[in-house]
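# next comes the sequence, and after it the predicted model I'd like to discuss.
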Amino acid sequence: MWIIKFRAFFFWLTGLILAGSIGALLFFGLPLSIDFTGGSLVEVEYVAERPAIPEIQQTVRDAGFSDALVRGSKERGVTVRTHTLEESEKAELLTVLRGGGDLTELRATTIGPSLGTELAIKSLYALLVVAFVIMLYIAWVFRKVSRPVPSWGYGFIVILMLIIDIIVPTGFYAAYAHFTGAQADALFVVALLALMGYAVNDVIVIFDRVRENLKKNEEQNVEEEFEVTVGRSIDETIGRSINTSLTVVLALLAIMIFGAEVTRDFALVMLVGVVVGTFSSICRSAPLLVPLAKMFNKEKA
């Protein structure tokens with residue numbers, strides 16, 4: 001119930017976090033990988049011990065590949081993402097990499113700008129379609145609980161929370177990429193899609209308890225303020241939400257610490273998103289039902 005009581009604080013806190021995330025996106029921008037912009041990817045594996053990744057990164061950039069992004073792959077592998085390479089440039093890059101020891105070329109692929117643009121458009125469509133379908137589904141599920149908040153109001157709040165839960169990790173990643181040289185690739189989009197599903201699941205648990213309590217009050221002829229019902233629903237589900245998120249956080253931390261380097265940025269985006277999504281479901285989504293209910297009751301009055 002204390003979350004409902006201090007909901008104004010959580011709304012202001014949300015506003016500050018959202019403003020910071022949007023500011024990071026506007027100020028730093030979101031660097032896109034060759035998955036979206038087009039370019040070349042070269043993967044090699046060193047025969048002996050692999051040099052340190054920062055050392056390889058600096059050597060490659062000093063050689064004229066200023067836009068190159070170097071990432072570790074497995075124990076001795078290295079992947080280099082850069083602009084579209086001609087055969088002569090590719091040979092030069094391999095020569096630079098061989099400066100760190102004997103190596104074997106595993107693959108060299110090139111993605112055209114048109115393919116990258118198509119992938120970016122499809123990724124945006126995927127996010128929009130998922131959000132729209134989620135809103136329709138929630139409106140249908142809550143169709144029998146339309147007082148004091150209409151069924152579509154639950155769906156509207158979920159979509160609003162999804163927008164925030166996507167912007168905040170994206171803004172965080174923009175700042176992270178600015179200082180580390182990371183880029184948003186296809187795995188970044190996969191992480192956002194996964195977060196949308198996870199965030200909705202968390203919010204639905206609380207909304208479903210609100211629905212159950214409203215139906216129970218109606219069946220038992222119990223008169224209870226909507227604000228009290230929402231607060232009680234949060235109290236009944238907060239432990240479940242935190243425990244579920246904690247297990248996911250522990251799994252993501254394990255991936256970041258022990259997993260392959262190529263999956264660490266994915267795990268980082270998921271980690272930030274899970275924390276934000278948990279905060280969103282507990283401190284933002286359900287409390288928003290209260291002012292929404294007051295708004296509709298005022299209009300009817």
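Yep, it's here. Since we're looking at a predicted model, the values are computed, not measured.

# residue 104: what secondary structure?
Using DSSP: H, G, I helix; E, B strand; the rest coil, the secondary structure recorded for residue 104 is strand.

# show me the contacts for it.
Contacts of residue 104 were listed using C-beta atoms under 8 Å, 6 or more residues apart in numbering, and they are 44, 45, 47. Yep, even glycine has a C-beta here, placed from its N, CA and C like the rest.

# okay, now residue 101: neighbour count?
Burial of residue 101 is recorded as 13 neighbouring residues (other C-beta atoms under 10 Å).

# mind checking the SS state of it?
When classified by three-state DSSP, residue 101 comes out as coil.

# which residues touch it?
Neighbour list for residue 101: 46, 47, 48, 49, 50, 51 [criterion: C-beta under 8 Å, 6+ apart].

# next, give phi and psi for it.
Residue 101 has phi and psi values of phi 140, psi 170 when expressed as degrees, to the nearest 10.

# contact partners of stretch 220-237?
1, 3-5, 148-149, 205-206, 209-210, 212-214, 216-217, 282, 286-287, 289-290, 293.

# hmm, try it at 10 Å
Stretch 220-237 is touched from outside by 1-5, 7, 147-149, 202, 205-214, 216-217, 241, 281-283, 285-294, 297, with contacts defined as C-beta atoms under 10 Å, 6 or more residues apart in numbering.

# buried among the residues you listed? Make that a PyMOL selection.
Those of these that meet the burial criterion (16 or more other C-beta atoms under 10 Å) are gathered into one PyMOL selection, given here:
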select buried, resi 3+4+7+148+149+202+205+206+207+208+209+210+211+213+214+241+281+282+283+285+286+287+288+289+290+292+293
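
# tell me which of the contacts of stretch 220-237 fall in helices.
The subset of the contacts of stretch 220-237 located in helices under the criterion DSSP state H comprises 2-5, 7, 202, 205-214, 216-217, 241, 286-294, 297.

# excluding residues flanking it in the chain, which one is nearest residue 165?
In this structure, residue 165 finds its nearest non-sequential neighbour in residue 199, 4.6 Å apart by C-beta to C-beta, 6 or more residues apart in numbering.

# so how far is whichever strand or helix holds the one you found off the chain centroid?
If you go by DSSP states H and E, residue 199 is part of helix 186-219. In terms of C-alpha atoms, centre = their mean, to the nearest Å, the gap separating the centre of helix 186-219 from the centre of its chain is 16 Å.

# what about that helix, average pLDDT?
Taken as a whole, helix 186-219 has a mean pLDDT of 83.

# now swap in stretch 131-149 and tell me
75.

# mind listing what's buried in that stretch?
Counting neighbours by 16+ other C-beta under 10 Å, stretch 131-149 gives 131, 134, 135, 138, 139, 141, 142, 145, 148, 149 as buried.

# out of the residues you listed, which two sit at the greatest distance?
The widest separation within these, taken as C-beta to C-beta, falls between 131 and 148 and amounts to 25.1 Å.
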